[in-house]
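Peer 1: Give me the fold of what follows.
(chains A, B, C and D)
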There are 2 protein chains.
Amino acid sequence: MRPSKRGELVQEALRIFYRDGFHATGMDLLSAETGISKTTMFKHFRSKEDLILAVLRLRDEQFRNWLFRRMEQAGPPRAQLFAMFDALGEWFGSPDFRSCMFIKASSEYPDPAHPIHAQSAEHKRLLFTQVEKLAAQAGAKDPAQLARGLLLLKEGAIVTAHLGHEADPAGDAKMVAGTLMADLPA
Amino acid sequence: MRPSKRGELVQEALRIFYRDGFHATGMDLLSAETGISKTTMFKHFRSKEDLILAVLRLRDEQFRNWLFRRMEQAGPPRAQLFAMFDALGEWFGSPDFRSCMFIKASSEYPDPAHPIHAQSAEHKRLLFTQVEKLAAQAGAKDPAQLARGLLLLKEGAIVTAHLGHEADPAGDAKMVAGTLMADLPA
DNA sequence: CGTTTAATGAACCGATCTGTTCACTTTGGC
DNA sequence: GCCAAAGTGAACAGATCGGTTCATTAAACG
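Peer 2: Numbers count the residues shown, from 1 in each chain, chains lettered A, B, ... in the order given. Just a heads-up that it's a prediction; the model follows:
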């Protein structure tokens, strides 16, 4: 029964923070909705900020695992890059989609020097590294530039799916990605 | 001396909300930093939410005026569309740039049914209409699709400028926009 | 069995939250 | 100079904030 409640708490807090926001979610509500006592929460995390950082670590791992596993199923690198937008489309279609956790975190903690903001930026950096590698494997002349372009489209699609009126931002992004990867070797 | 303090309050509140976030900014701090008494604030706005809605209306007007005025200076429609990314680049370079007010608002009020979220979505809709018109004037075969692509790049660039490590997201976005508009008549 | 560790519930802390009340002062227009 | 509108300051309200304290319970491990 060692660290059982801790993981459960992080998982549930992720769900609730994602749904309602960070500032808008109090520790009392968190305790009430998870059934985990406040005493226990503060035994595992010395502050709300520490809990949020743990939540973001979990989300980073979850999200990148999910995305790249789904991309790998598409086969060769070029197809994998296209598949990123198919995965996004499925995500956008899920009923509890509410944008990107890290964009939300950086919105609520706008100071880049804030640990929560910094850790969110780190997630984006890790994503870039993985996409850049795939772009190189796909034979891009400038893998970094292709990766930057594709990730611009990804972030734009996420924001638009949450805030915009568009029917299929992932599909739109995939089309633009097509013009970007047109000169790639098959 | 009619509605003097009201406008001043909205303007200052815009600055402070943009800098620190909505939930993180209390009405007392707002009163202290603007020098406007809390009594007066609540005489002009019956709630914080009403004030935020007024702030968003002002921001919508300010931002679209600024952006499209700057684009108009670029000359013909095609050049105007490219100029959007130059304008973004200048914005990103300003020392107090902290992402897009409406993305931030939708992050803090994630429920699409919430008035603040809905009004943020309306801003994006207005932007789309204007860009779509320009795309039509530029001779695009599918103006709506071109507008959607360009705005994906715009939103992605904004998020990346705030959260990412990239040196020049506006420049990256402009390059991708170039591949999108390659077949446009000069 | 006994000990340690995890977890609980509820009360409590001071600070801050949105919003109100009220008596007072300033200001502009006639 | 008068009146009405606009603004002020400070206290107040009740709720909630992040975080702590403490006595108690439950369970894993030797």
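
Peer 1: can we go C-alpha only for contacts and neighbour counts from here?
Peer 2: OK.

Peer 1: Skipping adjacent residues, who's closest to whichever residue of chain A sits closest to chain B in space?
Peer 2: Using CA to the nearest CA, residue A:156 is the residue of chain A that sits closest to chain B, at 3.8 Å. Excluding the flanking residues, the one nearest residue A:156 by CA to CA, 6 or more residues apart in numbering or on different chains is residue B:156, at 3.8 Å.

Peer 1: so how far is residue B:54 from that neighbour?
Peer 2: Applying CA to CA, to the nearest Å, the value for residue B:156 to residue B:54 is 26 Å.

Peer 1: Which residue of these two possesses the greater neighbour count?
Peer 2: Ranked by neighbour count (other CA atoms under 10 Å in any protein chain shown), residue B:156 and residue B:54 place residue B:156 first, with 26 against 18.

Peer 1: mind checking the SS state of that one?
Peer 2: Under DSSP: H, G, I helix; E, B strand; the rest coil, residue B:156 falls in the helix class.

Peer 1: Looks like it contacts residue A:149 (just checking).
Peer 2: No - counting by CA atoms under 8 Å, residue B:156 does not reach residue A:149; the two are 9.3 Å apart.

Peer 1: Helices of chain A, start to end?
Peer 2: For chain A, applying DSSP state H gives helices covering A:4-20, A:27-34, A:38-44, A:48-72, A:77-93, A:101-108, A:115-137, A:143-163, A:169-180.

Peer 1: Any idea which of the ones you listed gets closest to residue B:31?
Peer 2: helix A:101-108 (21.0 Å; CA to CA).

Peer 1: can you give me the angle the closest one makes with helix A:115-137?
Peer 2: Counting by axes from the mean of the first three to the mean of the last three CA atoms, to 10 degrees, helix A:101-108 points 140 degrees away from the direction of helix A:115-137.

Peer 1: Now look at helix A:101-108 and say if it contacts chain B.
Peer 2: Yes - interface with chain B: helix A:101-108 contributes A:103, A:104, A:106, A:107, A:108 (CA under 8 Å from any CA of the partner chain).

Peer 1: Can you check those residues and name whichever has the most neighbours?
Peer 2: residue A:107 (30 neighbours).

Peer 1: Could you check how far the nearest residue to that residue once chain neighbours are set aside is from residue B:23?
Peer 2: Leaving aside its sequence neighbours, residue A:107 sits nearest to residue B:104 (CA to CA, 6+ apart; 4.9 Å). Relative to residue B:23, residue B:104 is positioned 11 Å away (CA to CA).

Peer 1: ok now do residue A:24, which residues does it touch?
Peer 2: By CA atoms under 8 Å, 6 or more residues apart in numbering or on different chains, residue A:24 lies in contact with B:23, B:108.

Peer 1: Now do the same for stretch A:115-131: mean pLDDT, whole number.
Peer 2: Mean pLDDT, stretch A:115-131: 98.

Peer 1: whoops, stretch A:152-164 was the one
Peer 2: The average pLDDT for stretch A:152-164 rounds to 97.

Peer 1: Check stretch A:80-93 too.
Peer 2: In this model, stretch A:80-93 has a mean pLDDT of 98.

Peer 1: same thing with stretch A:39-53?
Peer 2: Average pLDDT, stretch A:39-53: 97.

Peer 1: does DNA strand C sit close to it?
Peer 2: Yes - on the criterion CA under 7 Å from any atom of the strand, stretch A:39-53 is in touch with DNA strand C at A:39, A:40, A:44.

Peer 1: By neighbours, which of those residues wins?
Peer 2: Using other CA under 10 Å as the neighbour test, the residues of stretch A:39-53 next to DNA strand C are led by residue A:44, with 15 neighbours.
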